[in-house]
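Participant: Below: sequence and its predicted model.
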Amino acid sequence: MPRLKKRQDFIRLSKFGRKVGMRHFVLQVAPRPSGDAVNSEPRIGLTASRRVGGAVQRNRARRRLCSLAEQVINLNARPDQDYVLIARSEILSASFGQLKLELERALDKLNLRRRASDNR
RNA sequence: UCAGAUAGCCGGAUGGCUGCCUUCGUCCAUUUUUGUGGGUGGGGGAGGAAAGUCCGGGCUCCACGGAGACAUGGUGCCGGGUAACGCCCGGCGGGGGUGACCCUAGGGAAAGUGCCACAGAGAGUAGACCGCCGGUGCGCAGUUGCCUGCCGGCAAGGGUGAAAGGGUGCGGUAAGAGCGCACCGCGCCGCCGGUAACGGCGGUGGCAUGGUAAACCCCACUAGGAGCAAGACCAAGUAGGAGUGGCGCGGGCUGAUUAUGUCGGUUCAGGUCGGGUUUCCGAGGCCGCUACUCGGGUCGGUCGCGCGAGGCGCUCGGUGACGGGCGUCCCAGAUGAAUGGCCAUCCCCCGCUCCGGCGGGGACAGAACCCGGCUUAUAGGCUAUCUGCCGCC
RNA sequence: CGGAGCGUGGCGCAGUCUGGUUAGCGCACUUGUCUGGGGGACAAGGGGUCGGCGGUUCGAAUCCGCCCGCUCCGA
């Protein structure tokens, strides 16, 4: 699962991407620019700002998002898109199953679930 | 028992499935090798504070002749420990507590300067408001008196203040005062104990020396500056520049030397401006080298980067901090930044309870070059030693 | 990660060091007057744990130490 690492990428997602806010996080999605190499996997970026809490809380929020993306986006989302997950402070008190359901609902809202025709 | 004091320690445990970082091995593909990609197996993977960045070092670069001085900053009872420290240990002085014990920036104020508001008579070469005492004048009363003025003495009492120029008591005196005496405090001298800070004893002085140095300052000791985003290298790529300073300037012949190079000698020629009778001197330009500054580009990778003032155990020396010896172990290394997610059992805490259980929760907090400290945050628990007024057995 | 700087009424700032003893200025706020009313002007007034805790001192916004928050800079 490739990660987004450049500041440029995050700015592009927040400027031109589609956005859906949930109770525990915010999901941003944008199609991959044509210049970049086209992989078969979706690319993920993670953000946990200081609004989430101290270093321990930010680290934990980022790890849970990472695990979440691995289990939901990597398997069920369209692979030709870039995704950014932004943590909110409520993520620390939620259960993992709850978060999984919420992320699937967010993908449905943006109509990005991997269709049967893609899922060979 | 209860209450408390000190010192030290722990910081949930075990297992399963599945991920991430790193390291070692192995297999396959590719490759001239280093390597790159994929698979597979083993090892390791946050803290006592990793935090704040308040001190001290290592390391790196810059500056600098050695050394010293000045300025500025820091530290500040004594002795010891340490690589070093503003840290630690032991002791001393002062303060607090019934006690175990705790707190303590604690050099110098007779080297000098400054400050001490308001209040108050007087705030640092003391002072005289009320007052006390003596003398004297006037008045009243009429004789141990009262009122008031003047002259002189005094600092005990009142009052002001944070602080009033030793304290308490006795003597003394017109009233008083270290004026005298005793004790305490203070200064000086001597002796004794102690490495020392300091303590004890004796003598003596007769009060002189208010506070403030986290005010300037003096004394002693101690510090060059910046920081791993330090610094070094590789790849890619832009400009191939601008300014300032310094040095040198072309050709021929000849000598030295292994030398196309370098050095010495000699000769000829020369363009712009100014000076000069000439040799020539000065300035400017061009070119080359060099130093600094500015401008431009990159913002990828590798190293630095973890065997260390290292951890653990035993032992010896020391009251202790700590030091010596022996044995043993290798124990995080990320860079949009790994150390995770889920489940089960046990442990602890809270709530409910039909006493079978059920539900919720797990302190403070996350390495980023590395060590030694300090400070701050921290649920709950464990161990050892010691103390006690009141209370209970 | 490292290095600097700043916290004073509602807002923006002085005062802080050399030099300790009164917390001040502008805008805003309240009341009153001028105006038929508004705006504006004038006059009066209220409002500050000086970021927090501790220490030095007779006395701390100021001096010293430790915390908290914010801002800026560094390949």
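Facilitator: Noted; the coordinates are in hand.

Participant: Just want the residue of chain A that's nearest RNA strand B.
Facilitator: A:Arg7 (2.6 Å; C-beta to the nearest atom of the strand). C-beta coordinates here come from the backbone N, C-alpha and C atoms, glycine included.

Participant: give the contact list for that residue.
Facilitator: Listed by C-beta atoms under 8 Å, 6 or more residues apart in numbering, A:Arg7 has no contact partners.

Participant: from the chain's centre, how far out does the helix or strand hosting A:Phe10 sit?
Facilitator: For A:Phe10, the element it lies in under DSSP states H and E is helix A:7-16. In terms of C-alpha atoms, centre = their mean, to the nearest Å, the centre of helix A:7-16 is set 13 Å apart from its chain centre.

Participant: Likewise for stretch A:96-105?
Facilitator: Per C-alpha atoms, centre = their mean, the displacement of stretch A:96-105 from the mean C-alpha position of its chain is 12 Å.

Participant: for A:Gly54, phi and psi?
Facilitator: Backbone geometry at A:Gly54, expressed as degrees, to the nearest 10, gives phi -80, psi -170.

Participant: What of the one 3 residues further on?
Facilitator: Note on A:Gln57: backbone dihedrals following degrees, to the nearest 10 are phi -70, psi -40.

Participant: Surely it and A:Leu92 touch.
Facilitator: Yes: here A:Gln57 lies in contact with A:Leu92, judged by C-beta atoms under 8 Å, at a distance of 6.0 Å.

Participant: so A:Lys5, which of the three states?
Facilitator: Three-state call for A:Lys5 (DSSP: H, G, I helix; E, B strand; the rest coil): coil.

Participant: In space, what's closest to it - neighbours in sequence excluded?
Facilitator: Spatial nearest neighbour of A:Lys5, chain neighbours left out: A:Gly45 (7.8 Å); criterion: C-beta to C-beta, 6 or more residues apart in numbering.

Participant: quick one: the helices in chain A?
Facilitator: For chain A, the helices defined by DSSP state H occupy A:7-16, A:55-71, A:73-76, A:96-109.
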